[in-house]
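*Asks:* Everything below, folded, please.
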Amino acid sequence: MTKAIFFDIDGTILDKEHGIPELTPRVQSAIKKLQDQGNYIFIATGRPFSFMPKNILDFGFNGYVMSNGALIMIDGKVFFKSELDSKVVKKVCDFAEKENIEYMLESYPETYCPKGFKACEDFFKKIEVDPSGFIRDFDIEKISVSKMEFLSARKDLEQLDLDYKKILSTPGLTGWADPFHYKTMEVYSDQISKATGILKVLDRLNIDVKNSYAFGDGQNDMEMIQTVGAGFVMATARDELKKFAKFVVPSVHDDGVAVGIEKYIL
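*Replies:* Residues are numbered from 1 along each chain as shown. Here you go, the predicted structure:
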């Protein structure tokens with residue numbers, strides 16, 4: 001029976017901030033074995049296309065569910081793209097600027113970031129995203145936006161929480177603030193998630209949900225872990241995600257993805 005397996009990137013198959021910028025040999029071998037057996041291998045990430053590491057794009061995945069389900073590519077072609085209402089994007093970004101919250105606007109294949117947003121540059125350099133590729137000069141009401149990212153250096157976290165909650169209260173939007181440092185927040189349509197993206201892929205490939213698997217470690221992996229036939233959660237994930245896991249596997253530093261594949265899928 002043909003299977004489809006979906007992999008989050010950061011904290012699942014890579015951890016660039018802590019010394020694992022590429023797939024380890026054991027993880028590479030395990031994923032390739034899945035594909036060699038006729039199964040489909042996909043990335044499922046919050047990253048937009050422009051943030052995808054070259055070693056991931058070169059690996060040979062069958063496709064990508066990106067921007068938390070807002071963009072799907074299969075065999076190198078865009079299969080699905082969600083776009084936010086331009087008036088909503090402008091309203092939210094106007095509020096962010098008023099509160100000194102920087103933002104980036106993600107599309108395909110472009111990423112937009114206003115001039116002078118140095119905190120955004122510095123933050124994304126940490127995951128080896130080259131800010132020279134950001135488009136700086138644009139009309140916010142005339143571009144296509146699939147997902148928004150916000151970043152604040154505000155030290156008053158209580159006020160920042162209120163600011164982020166106001167953004168998320170905008171009708172039609174959903175998202176989450178990174179719980180580990182609470183400086184960044186991803187915002188996208190409340191009609192999409194990694195799970196909706198995965199379901200679209202499964203339908204396109206005519207694969208039953210029971211034959212789908214996903215590996216993840218973050219809050220934006222919650223829906224997909226609950227949706228697939230078997231969800232694998234990394235040992236470093238928070239308890240609220242682990243409770244939905246079919247299996248908890250070792251961390252990315254201990255080849256957890258390979259362990260899960262070898263023990264439960266191959």
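*Asks:* Residue nearest the middle of the chain, spatially speaking?
*Replies:* Closest residue to the average C-alpha location of the chain: Gly46 at 1.3 Å, with Cα atoms, centre = their mean.
*Asks:* so how far is Ala214 from it?
*Replies:* 14 Å (Cβ to Cβ, to the nearest Å). Glycine gets a C-beta too; all of them are placed from N, C-alpha and C.
*Asks:* What ranges does the stretch 101-250 of the chain have for its helices?
*Replies:* Here the stretch 101-250 of the chain has its helices, by DSSP state H, counting those that start in this stretch, at 118-125, 157-168, 194-205, 222-227, 239-242.
*Asks:* Reformat these as a markdown table; add mean pLDDT and mean neighbour count.
*Replies:* Output for the helices of the stretch 101-250 of the chain, formatted as a markdown table (pLDDT from 0 to 100; neighbours: other Cβ atoms under 10 Å):
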| stretch | mean pLDDT | mean neighbour count |
| --- | --- | --- |
| helix 118-125 | 82 | 16 |
| helix 157-168 | 89 | 15 |
| helix 194-205 | 98 | 20 |
| helix 222-227 | 97 | 22 |
| helix 239-242 | 95 | 14 |
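*Asks:* Which one of those lies nearest to Val233?
*Replies:* Comparing the helices of the stretch 101-250 of the chain against Val233 with Cβ to Cβ, the closest turns out to be helix 239-242 (5.1 Å).
*Asks:* Could you tell me which other helices and strands the closest one packs against?
*Replies:* helix 222-227 (3 or more Cβ pairs under 8 Å, 6 or more residues apart in numbering; DSSP states H and E).
*Asks:* Measure how far the helix it packs on is from the centre of its chain, please.
*Replies:* 13 Å (Cα atoms, centre = their mean, to the nearest Å).
*Asks:* got it, and stretch 116-125?
*Replies:* 19 Å.
*Asks:* can you check stretch 93-113 too?
*Replies:* 17 Å.
*Asks:* Would you mind listing the outside residues contacting that stretch?
*Replies:* 48-51, 67, 70-71, 78, 81, 89, 114, 117, 119-121, 124, 131, 133-136, 138, 140, 143-154, 163, 166-167 (Cβ atoms under 8 Å, 6 or more residues apart in numbering).
*Asks:* let's see it at 7 Å
*Replies:* 48-50, 67, 71, 78, 81, 89, 117, 119-120, 133-136, 138, 140, 143-152, 163, 166-167 (Cβ atoms under 7 Å, 6 or more residues apart in numbering).
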